[in-house]
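In: return atomic coordinates for the entry below.
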Amino acid sequence: MSIRRSPNASGGRRPSMLDVARMAGVSHQTVSRVINGSPDVAPETRARVRKAIDTLGYQPNNTARALASHRTRTIAVVAGGLWRPRSVDMLAAASATARAHALFTTVSLVDADLCTDADMVGLCDDFSQQGVDALVVLAPTDVMVRAVCRLDTPLPRVIVTSTHGQASLRDMMSSMREESRRRSAVVGGDDWGAMAQVVRLVIGYGHRSALYFAGPRGWRGSTTRLLAWRTLTAEVSLPNVVVPGNSWDAGEAYARMNHALERIGSSGGAVPTVVVTSSDGQAMGAARALHEHGLRIPQDVSLVGFGDYPAMAAMMPPLSTLRPDFAQIGSAALREAVWLLGGGPEVGYAASVHGAGLIPATMVRRASLGRVPRV
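Out: Here you go, the predicted model:
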């Protein structure tokens, strides 16, 4: 739909802020406050200014705004681990939220396992040359969280990570100067709460023996899920065996599932009634091994994943799994950056642990999880 502009409103030239002010019957300072999201404008005045902006097709001159405010309205995003399915949703949501606040994002991708302090310093130096206003770091690993906490920069920073790791968030944040801590925020998915959903569900379905596939040690989500699993299964007295992992890959899980089944067979032990994995990739590998050993899902062994990767609903049988809300995590991270810059309200969360605002995951129940038959 085309926008009809007022005839001769700007004399054929590009409309200016003064043209908007003249049409709305306000000062140019009021127009500026509306554009910059200031709360100090009456709703009816704001609506009148917005209508004038739409009618004239006015677009703010961001270069002029940057010079006037000493800000470029640009948020730097450093992203690790975006190879994982659905995690790109986090980046897309952060960019969309930035646009909604008339901000821009500049993105750098890094290796989440290998990002060093020197790498982070180099990136921050580049961002300083660009004049960015704040820093958002998607940091799934201990090395990335440690590097961004040690970073000496006046920029407000938002760290997106899980609550637990080889080092605690509290210990890592303690390496920051007090002023930097005040200008920092932490956001993450509620991995502990997600595992609590799984444990409640498998107990409710009558399972009394389980196999759990852990993820790589350096990934904080893996550590949080494993700690939660061990703690929560102990509380409900659910016997289980933990299978260690070096990756999230289906191939490794397939090999480890085969080894576990062969060991159970040679010892005459009982196959656990449920297998829980810390990623959907691991669930796919485990499912293949179970199938090759003639075990049916869920009649003989139930299976639960984590991530709700694309096509998990098309597995045979469809995979029960946890779905992190990556989009909400990305949006919350950007809104935290806006708040730290003084441009929006404080972000609220349903849960907060160790200073991190947490976004809950959703348990997606499908056919791979069944009840234990009564004997």
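
In: which residue, neighbours along the chain excluded, lies closest to residue 257?
Out: Distance criterion C-beta to C-beta, 6 or more residues apart in numbering; nearest residue to residue 257, sequence neighbours excluded, is residue 289 at 3.6 Å. Using the backbone N, CA and C atoms, a C-beta is placed for each residue, glycine as well.

In: was I right to think that neighbour contacts residue 262?
Out: No: taking contacts as C-beta atoms under 8 Å, residue 289 lies outside contact range of residue 262: 9.7 Å.

In: neighbour-wise, which of these two wins?
Out: A count of neighbours by other C-beta atoms under 10 Å puts residue 289 above the other of residue 289 and residue 262, at 20 against 12.

In: mean confidence for whichever strand or helix holds that one?
Out: Using DSSP states H and E, residue 289 maps to helix 280-292. Mean pLDDT, computed over helix 280-292, is 97.

In: hmm, who's touching that helix?
Out: The contact list for helix 280-292, computed with C-beta atoms under 8 Å, 6 or more residues apart in numbering, reads 85, 213, 215, 245, 248-258, 261, 275, 277, 297, 300-301, 303-309, 312, 315, 319, 321, 368.

In: what does stretch 118-138 give?
Out: 66, 71-82, 87, 90-91, 94, 106, 108, 110, 144, 147-148, 150-153, 155-160, 333-334, 337, 340-341.

In: so how do I select the buried members of the residues you listed in PyMOL?
Out: Burial among those is assessed by 16 or more other C-beta atoms under 10 Å; the matching PyMOL selection reads:
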select buried, resi 71+72+73+74+75+76+77+78+79+80+81+82+87+90+91+94+110+144+147+148+151+153+155+156+157+158+159+160+333+334+337+340+341
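
In: let's see which of the contacts of helix 280-292 end up in helices.
Out: 250, 251, 252, 253, 254, 255, 256, 257, 258, 261 (DSSP state H).

In: just the buried residues of those.
Out: Buried members of the ones in helices among the contacts of helix 280-292, counted by 16+ other C-beta under 10 Å: 250, 252, 253, 254, 256, 257, 258, 261.

In: which residues are in contact with the fourth one?
Out: Which is residue 254. 285, 286, 288, 289.

In: make it 7 Å
Out: 285, 288, 289 (C-beta atoms under 7 Å, 6 or more residues apart in numbering).

In: quick check: the gap between the nearest residue to it once chain neighbours are set aside and residue 328.
Out: Among residues not flanking residue 254 along the chain, residue 285 sits closest, at 3.6 Å (C-beta to C-beta, 6+ apart). Between residue 285 and residue 328 the computed distance is 29 Å (C-beta to C-beta, to the nearest Å).

In: the strands in the stretch 101-250 of the chain, which residues?
Out: Per DSSP state E, counting those that start in this stretch, the stretch 101-250 of the chain carries strands over the ranges 104-110, 134-138, 157-160, 184-189, 210-213, 240-243.

In: just the buried residues of the last one, please?
Out: Within strand 240-243, the residues that count as buried by 16+ other C-beta under 10 Å are 240, 243.

In: give me the neighbour count for the residue nearest to residue 254.
Out: 24.

In: measure it to residue 56 for me?
Out: 59 Å.

In: and residue 291, by the same measure?
Out: Taking C-beta to C-beta, one finds residue 291 at 64 Å from residue 56.

In: and those two? which has more neighbours close in?
Out: Between residue 291 and residue 56, counted using other C-beta under 10 Å, residue 56 has the larger neighbour count: 21 against 12.

In: how about that one: what's its closest non-neighbour residue?
Out: residue 15 (4.1 Å).

In: next up, phi/psi of the one you found, please.
Out: phi -60, psi 150 (degrees, to the nearest 10).

In: could you point out the helix or strand that follows the lowest-mean-pLDDT helix or strand in the chain?
Out: In the chain, no helix or strand scores lower on mean pLDDT, DSSP states H and E than helix 62-69, which sits at a mean of 47. Scanning forward in sequence from helix 62-69 by DSSP H and E, the next helix or strand is strand 74-80.

In: next, the angle from that next one to strand 104-110.
Out: 20 degrees (axes from the mean of the first three to the mean of the last three C-alpha atoms, to 10 degrees).
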